[in-house]
Every structure is written in structure tokens, then in C-alpha cells.
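Novice: here is the input, now give the coordinates:
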Amino acid sequence: GDKPVVDISLRVDGNIIKWSNPDKPVTVSIPYTATAFEAKNPQFIIAWYIDDTGNRIVVPNSRYSADKKVVAFTVTHFSKYAVAFIMKSFEDVKSEKWYAPAVVTVASYGFAQGTSDTVFSPDKAVTRGEYLGWLIRTLGLTSEVKSNFSDVPEAYKYSAEIGTAKALKITAGTGENKFSPNANISRQDLMVLTVKAIQAAKGELPSKTPVDLKKFSDAGKIAKYAVNDVSAMIASGYVGGSTNNRLNPQMLTTRAEAAQILYNIFNSYK
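Specialist: Take a look at the predicted model:
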């Protein structure tokens, strides 16, 4: 449409130099004035990276500043970038639901996907493959993938993201070089994956102060391997207990709950 597109390049003596350095991010600001409708929903004004084949890839850290009238983000390589306004909606996600802002945001950014173009299935259990794919996208993690788990075919929707997680040692899978992408994921395993992914992104959780999990009536059900990560997720505010003072560590996680956790992480990195 009429959204701006910029082609950023580095020139030395008139020659374009292909620049890419994961360790030295550069801040980019594209001038942009939001329309009246966009100004009411500024969180859906985002930046796209457009690769050599025309694919549009969301820049996870892109944000619109109404004061400066720019879309700002950081990049580790120069290429084509564009401004876009994406506001997804789903038939089964009503605006009054507690998870609606989270679902709409993570879906609009392309971090998460519905079970169809019009349905999100918020109450359905999220699978291991779905959540890890969403998590890697939310954090903008990339890596050279030399091998993947034997049960994650290249055609699988989140194959690249799961391969990235394996390469970054975020997950070792479920044993025998398998990941079990279609299996559902428990709340405690989800928290373990999330903490490891944040650490791989060279980030720190907002709070380093451990939470006394004994205040939750079912704290004893948390597996030993998950205790520290569950504590970290609670302390950081990414996950909360239920209204009856329980953590439900072994219960499955719904797609809505997963979206809310990623939304909390996304907002903490503004």
C-alpha cells in the first residue's frame, strides 16, 4: 500500500558492503505518521524485514513512537525494511476475554498462529512444537541449524524454530534425538523452556529474587528440575498462580495461557 519501505545499505568507496553482525545491533528509525485509526491501536504498527525472495518477516522489537513519529527497531543486518499495520482477529476471541489483548498481539506480530485463519482455539492445549515455535519467534532468536530432531520433519510448521532451539541448547528434546512436537506441554515444562530461551537471547529475567514457592498449596508437585525456573517465572511476573493459590505445575497449558505468557515477555522488552 502506501506504507514506507527503506533499503538500508553500507557503502565503502561507492561499493555496497554486505553487513551482518549479530553482536552489534544497529538502531533504525523509519519516519511514520499513524492514521487516526492506527493511532488508537499503535501496538499494531510494526516493522517488516523483507528478504531477497520477498518474504515479509516481522521485526520483533519494532515499536511505534507517537511522540517522535517513527517506527524504531534494532537490526543486525542491512536490507529492506517496511512499516506495516497488522491487527488480527479471530471468531472465537471476544474482546472482553482476559486473554484477548495477548492473543491479538502475538498473532498480529506473527509470533503465534490460530488453528485456522479465523479460529484461535484459546482453550485447546498448546503442543510442545507450537509453544517452542512461538517462543523462539517472540524472542527473535536465530541460529545456524545443522541438524534437527528426528521427529521434526523439514515440512513441519515450526521446524526452523525448533532447530534453532536445539542449536542454542534451549532444549535437548525428550530423548533419543526426539522432541515430540505434537505432545501437549505441562506448565512446569513450559516455564523451563521459557527461562532457557530468555537466557539464550542474552536477556535477564526482570527479577533475580527467588520466590518462596511454599506459599502455593501444590508447590510439592513441582519436579526438582523445574523448581528454579518456576520460581524465576513467578518472580518475573510472567506467570501467576491460580485464584485458589495453586500453581498446577503438571497441568497442560492452553493456547490462551501460552499467548498470555509470551505477551508478558514481549511487553517487558519494550
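
Novice: quick one: secondary structure of F111?
Specialist: Each residue gets one of three states, and F111 gets coil by DSSP: H, G, I helix; E, B strand; the rest coil.

Novice: tell me where the model's unsure across the protein.
Specialist: Within the chain, the segments meeting pLDDT under 70 span 242-243, 270.

Novice: show me the strands in it, by range?
Specialist: For the chain, applying DSSP state E gives strands covering 5-7, 10-12, 15-17, 26-31, 45-50, 56-58, 63-65, 70-75, 80-85.

Novice: from the middle of its chain, how far away would the last one be?
Specialist: Okay, so that is strand 80-85. Averaging C-alpha coordinates over strand 80-85 and over its chain gives two centres that are 19 Å apart (C-alpha atoms, centre = their mean, to the nearest Å).

Novice: tilt between that strand and strand 26-31?
Specialist: 50 degrees (axes from the mean of the first three to the mean of the last three C-alpha atoms, to 10 degrees).

Novice: so can I have JSON lines of the strands of the chain showing distance to Y225 and mean neighbour count?
Specialist: Quick note: C-beta positions are derived from backbone N, CA and C, even for glycine. Below are the strands of the chain laid out as JSON lines (distance: least, C-beta to C-beta, whole Å; neighbours: other C-beta atoms under 10 Å):
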{"stretch": "strand 5-7", "distance to Y225": "46", "mean neighbour count": "12"}
{"stretch": "strand 10-12", "distance to Y225": "46", "mean neighbour count": "9"}
{"stretch": "strand 15-17", "distance to Y225": "46", "mean neighbour count": "9"}
{"stretch": "strand 26-31", "distance to Y225": "39", "mean neighbour count": "14"}
{"stretch": "strand 45-50", "distance to Y225": "36", "mean neighbour count": "20"}
{"stretch": "strand 56-58", "distance to Y225": "33", "mean neighbour count": "16"}
{"stretch": "strand 63-65", "distance to Y225": "36", "mean neighbour count": "17"}
{"stretch": "strand 70-75", "distance to Y225": "34", "mean neighbour count": "19"}
{"stretch": "strand 80-85", "distance to Y225": "41", "mean neighbour count": "19"}
